[in-house]
Every structure is written in structure tokens, then in C-alpha cells.
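1. Below is the structure, and that's it, no one-letter string:
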Ligand SMILES: *[C@@H]1O[C@H](CO)[C@@H](O)[C@H](O)[C@H]1NC(C)=O
Ligand SMILES: *[C@@H]1O[C@H](CO)[C@@H](O)[C@H](O)[C@H]1NC(C)=O
Ligand SMILES: *[C@@H]1O[C@H](CO)[C@@H](O)[C@H](O)[C@H]1NC(C)=O
């Protein structure tokens, strides 16, 4: 798409559509996306099409939230899909190629079929066999598909073709809407045609904070940009000394615990007036948190942690085009295979985004759930860095660790992304990725940290593009077997 003269947004939309069949467990038409877009003169805007709570929802839904992470399948967690409205708005503002052109390669791929990847093979067994999505990923004998098997998405190809030819309205009020809603209702969901018809994507200014000589552009709440900003603002106040890595990680874990404690303030600002999160991106607030971080750990109360559920899933894409336009976009159906509900008539896999409210006390019709998603654009006089991550609650640590390793400790972008991370989970317990330096772990135990020794099942996946003068470097995280591409 870029070689045909498309903008970064054109490239991103085409690649997102393609990802919806290559990694259908992560994102697709049944989900939502948040774009951070820079146009060729350097202006940055946010486009959000995160899902919303349908008008009719179970009033006591949050009572059925589990205490610990599990795949929350089922129709009650389906939010109103925003993905296509997001593409429509992004394309209207920034697209250069015809809308239908962006869909054509994926329509062909979906219709002709593609091989199951080793990554997808690994995830298919999590599907609940009694839920409708399993049919798509199993053979005639009910056995899960494995690497190399051909999977076709014929219904989805038809749906994509209609959207390509007739635009987003075909999804939100046309025949696709009717089919989708009747399938969701048949599966026991409450979405209505009115929910779809009234869905709007939004455009807004990015939030900006300084980091080294960069300006960092992030999406405001309900996205997780403010949490990333706070973590980075706390860390930038420490002198980074590569010889004191254990101390640096101790501070990082402590900072992360406060960030987790403040996560409860991330809301949809259209529903809950937001008085505090703007301070997260200001140095003064980070300075205050730094005064609370000492050379030891503290009890749970010290960090004001309110329990929530860790999350996982998602996909991220960073695209730089020849004209200088750039996109950092994160898209998701939430957990693996979302709600695990497939709409048989349209081939669309529905999200389970409403489960992101677990840990909260209220939900409202039309509300967007809080998120960790933080597609970022960093800009200085001579450099530009597009970065973002997938992995639910791992997103914050994925991006922050990469930026610190790259910008504080001088690792190359590739090494910075590859470096094993420490993640602080929803009960404020550190978890270390495999191959994390054992000497540092031992040192952290001496600081009083108790870590969760369980092997990390989920992980961060960072995709970044950096432009330094005339030199461009793009890295796709090997954790999800991705590769960067360019010409
Ligand atoms: C970029 O966006 C700004 C603000 O909307 C606008 O003034 C400018 O003309 C845009 N540049 C291009 C090349 O579209
Ligand atoms: C699978 O889905 C069925 C139907 O919704 C449900 O009754 C069952 O509890 C689910 N199984 C698991 C392991 O979640
Ligand atoms: C924790 O909560 C107390 C009581 O509401 C408040 O005074 C304090 O500022 C909070 N600390 C943080 C770091 O949020």
C-alpha cells in the first residue's frame, strides 16, 4: 500500500485488515482500535473507536467477574464493535488510496485461505469447544487445526467485500448489521441495531509530555497512555546508572506499584469527569511519587492498590510512510478470540471488551472500558520513534522497558525490545520474564521483593519504527514471531 503511494494510515488499515485473518485471536472487525496519527507536517491526532457498553446490559454483570484472570468468554461481555468506524474516520482524514483498495488483498487471502501459523496453533486449544468460534478453527472431526493446515474465512471475505464496496455504513446499518445483531442475539447477547447505528469514532488531540529531548504523544483516557507517562516520568527523575541495575529495577517495580494503584482513575471521560489523570503526565506528580519510593518495599496499602484483573491479547502496528506521515495503532478484541462468539452469518469474531470493567463498581451504557493500550509517537528535532505494544496489562511494561533500555541505557532498538522484562501484576507482585538476569532477581529479593515464580504465560509484544536523520530502523518483536518490512 505504501509503495502504491498510500499514506501511513492507508498502510496501517490494510495491515490491520490482514492481521484480522493472520492473527484472528488478537483483533478483527468485531473489536476496536486506537490510532495515534502524525500527518506529514508533524501534527498528531488520536482516533479512537474503542468498543462501548451496549444500551441493554446485565445490571449485575460485574458481580460475575472472576477473582483471577481467566478467559472470559460468552455473549454478556461483548461491547459494541468500533473497528470499522475507526478505519472510516482515519481514512477520511488521512487516506490517499481508495477505501476499497485497502481491503482487496485481505479479501483474496481470506477467500483463498492461509496456513495456520505456529502461534495460532498454540492458541487454538484455549477455545471453549462448546462456543461457536471453535468451529472455525477445527476440522470436520472436531479436532483443532494445527500448523500448516489451511484455514479459509469465506464468510468474512464476503463481509469485507460488502464493506469495501459500500463503506462503513454497510457494517453499522446495512445487511451486515442485521446479520451480526441477529447472530449475537441468538448467542444470548444484548446488542441491538440501535447500538450499532449510534456508534461513533472520535478524533481528539493527543496528550503530550516531555521525555529526554522528545515530545511523547499518547492517547488520553480511557486509553492507558497516562499510566505509561507516569511510569516514565518517575523513572526519568533518577540518574540512570548502568552499574546500578538492581537499584534501577527496584525503583521501576516500586514505581509500577504506584501506577497500578492509580489505574482505578482511568475512566471514559465522557461518563466520569476526570480530575486527576492529567496530573499523571506532569512532572510535579511524578516528583511526588518519587518521594514515596525508598530503598525498601512496603505493604499493600502503601500503594493504594484496588484489585483489578490483568488482561492480555491485542495487536500493535507502527507504520512510517514516505511522505513522513506515521501511525502507531493498537487494535484488539481483548482476550484471545475475544468472547469466543463467532457470528456465523458474517464471519466476525466478537470482542469481550466489557470484561475490562472487572474491578470497577459501575458500568454505563455507551461507556468505553478502561484500557492499557498506549500507541505512542515520540518526536524530537532530529528523531522520531513510533512505538506501541500488545499484551493487555503487559503493554505498559513492554513500552516503558523498551524506551528505558533504548534511550537511557543505549541499547539498540532491537536489543531493547528483546530484553526480558519485569512485569508487576494486578496484585502488585513482580513477575520476571524467562532469561531475566538471575543476579538482579536475587538483588531485588534483598530489597524485600517477593516475586511470583510462575512462568509468564502471556507477554508483551512491542513493534517500533525509529527515524534518526535519514536512517530508519524498524523492529517487530520476535516474541510473536513478527517481522518488520520495508522497501
Ligand atoms: C497536518 O495537520 C495540521 C492540523 O490539522 C494542518 O494544519 C496541516 O495542514 C496538516 N498537514 C498536512 C500535510 O495535511
Ligand atoms: C464452555 O462454554 C459453555 C457454554 O457457554 C459453558 O457452559 C462452560 O462452562 C464453558 N466451559 C469452560 C471451561 O469455561
Ligand atoms: C493513597 O490514598 C490516600 C488516602 O486517600 C491519599 O492521601 C494518598 O495521597 C494516596 N497515595 C497515592 C500515591 O495515591
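-> Okay, I see it. All values reported here derive from a predicted model rather than from experimental measurement. Ligands and ions are numbered 1, 2, ... in the order given.

2. Name the helix or strand for the residue of the chain found nearest ligand 2, please.
-> Closest residue of the chain to ligand 2, C-beta to the nearest ligand atom: residue 128 (3.6 Å). Backbone N, C-alpha and C define where each C-beta goes, glycine included. Assigned by DSSP states H and E, residue 128 belongs to no helix or strand.

3. For it, give me its contacts.
-> Counting by C-beta atoms under 8 Å, 6 or more residues apart in numbering, residue 128 makes contact with 71, 73, 134, 340.

4. ok, now residue 459?
-> Per C-beta under 8 Å, 6+ apart, neighbours of residue 459: 391, 394, 421, 433, 479.

5. Got the phi and psi for the second one?
-> Dihedral angles of residue 394 (phi, psi; degrees, to the nearest 10) stand at phi -80, psi -10.

6. Measure how buried it is and give me the count.
-> Residue 394 is flanked by 29 other residues according to other C-beta atoms under 10 Å.

7. What score does it have for pLDDT?
-> According to the prediction, residue 394 has pLDDT 90.

8. who's in contact with the longest helix along the chain?
-> Selection of the longest helix in the chain by residue count, based on DSSP state H, yields helix 245-262. By C-beta under 8 Å, 6+ apart, the list of residues contacting helix 245-262 from outside reads 227, 230-231, 234-235, 238, 240-241, 276, 280, 289, 292-293, 295, 297, 303-306, 396-397, 400, 404, 422, 424, 426, 428, 430, 437, 439-440, 443-444, 447, 449.

9. Quick check: nearest residue in space to the residue of the stretch 351-487 of the chain found nearest ligand 3, chain neighbours excluded?
-> Residue nearest to ligand 3 within the stretch 351-487 of the chain (C-beta to the nearest ligand atom): residue 428, separated by 12.6 Å. Spatially, and ignoring its direct neighbours in sequence, residue 428 is nearest to residue 257 (4.7 Å; C-beta to C-beta, 6 or more residues apart in numbering).

10. Give me the subset of the contacts of helix 245-262 lying in strands.
-> 422, 424, 430 (DSSP state E).

11. Throw together a PyMOL command that grabs the buried residues out of these.
-> The PyMOL command for the buried members of those (criterion: 16 or more other C-beta atoms under 10 Å) is given here:
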select buried, resi 422+424+430
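
12. Need the ones in strands among the contacts of helix 245-262 in CSV (columns: distance to residue 190 and pLDDT).
-> Output for the ones in strands among the contacts of helix 245-262, formatted as CSV (distance: C-beta to C-beta, whole Å; pLDDT from 0 to 100):
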residue, distance to residue 190, pLDDT
422, 40, 94
424, 35, 94
430, 39, 94
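
13. Also within reach of ligand 2: list those from the contacts of helix 245-262.
-> By C-beta under 6 Å from any ligand atom, no member of those lies near ligand 2.

14. And the residues you listed, which of them are buried?
-> By 16+ other C-beta under 10 Å, those give 227, 230-231, 234-235, 238, 280, 289, 293, 297, 303, 305, 396-397, 400, 404, 422, 424, 426, 428, 430, 440, 443-444, 447, 449 as buried.

15. Out of the residues you listed, name the ones that lie in helices.
-> Checking the buried ones among the contacts of helix 245-262 against DSSP H, those in helices are 227, 230-231, 234-235, 280, 289, 396-397, 400, 440, 443-444.

16. Check those against ligand 1 and report the nearest one.
-> Using C-beta to the nearest ligand atom, those come closest to ligand 1 at residue 280, 25.6 Å.

17. residue ranges with poor pLDDT in the stretch 1-150 of the chain?
-> Along the stretch 1-150 of the chain, segments meeting pLDDT under 70 are nowhere present.

18. That one: strands as residue ranges?
-> Counting by DSSP state E, counting those that start in this stretch, the stretch 1-150 of the chain has strands at residues 32-38, 44-48, 114-115, 150-151.

19. mind giving me a markdown table with the contacts of residue 128 and columns for neighbour count?
-> A markdown table is the format used below for the contacts of residue 128 (neighbours: other C-beta atoms under 10 Å):
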| residue | neighbour count |
| --- | --- |
| 71 | 20 |
| 73 | 22 |
| 134 | 17 |
| 340 | 28 |
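
20. Quick check: the farthest pair among those?
-> The span of the contacts of residue 128, defined through C-beta to C-beta, is set by 71 and 134 at 12.6 Å.

21. Which residues are in contact with each of the two?
-> Common neighbours of residue 71 and residue 134 (C-beta under 8 Å, 6+ apart) are 128, 340.

22. tell me which residues in stretch 161-179 are buried?
-> Neighbour count says stretch 161-179 has 161-164, 167-168, 170-172, 174, 176-177, 179 buried, by 16+ other C-beta under 10 Å.

23. Lowest-confidence entry in the residues you listed?
-> At the low end of pLDDT for the buried residues of stretch 161-179 is residue 174, which has 91.

24. Tell me the spacing between the nearest residue to that one once chain neighbours are set aside and residue 176.
-> Distances taken as C-beta to C-beta, 6+ apart place residue 166 nearest to residue 174, at 6.6 Å, with adjacent residues excluded. Applying C-beta to C-beta, to the nearest Å, the value for residue 166 to residue 176 is 9 Å.
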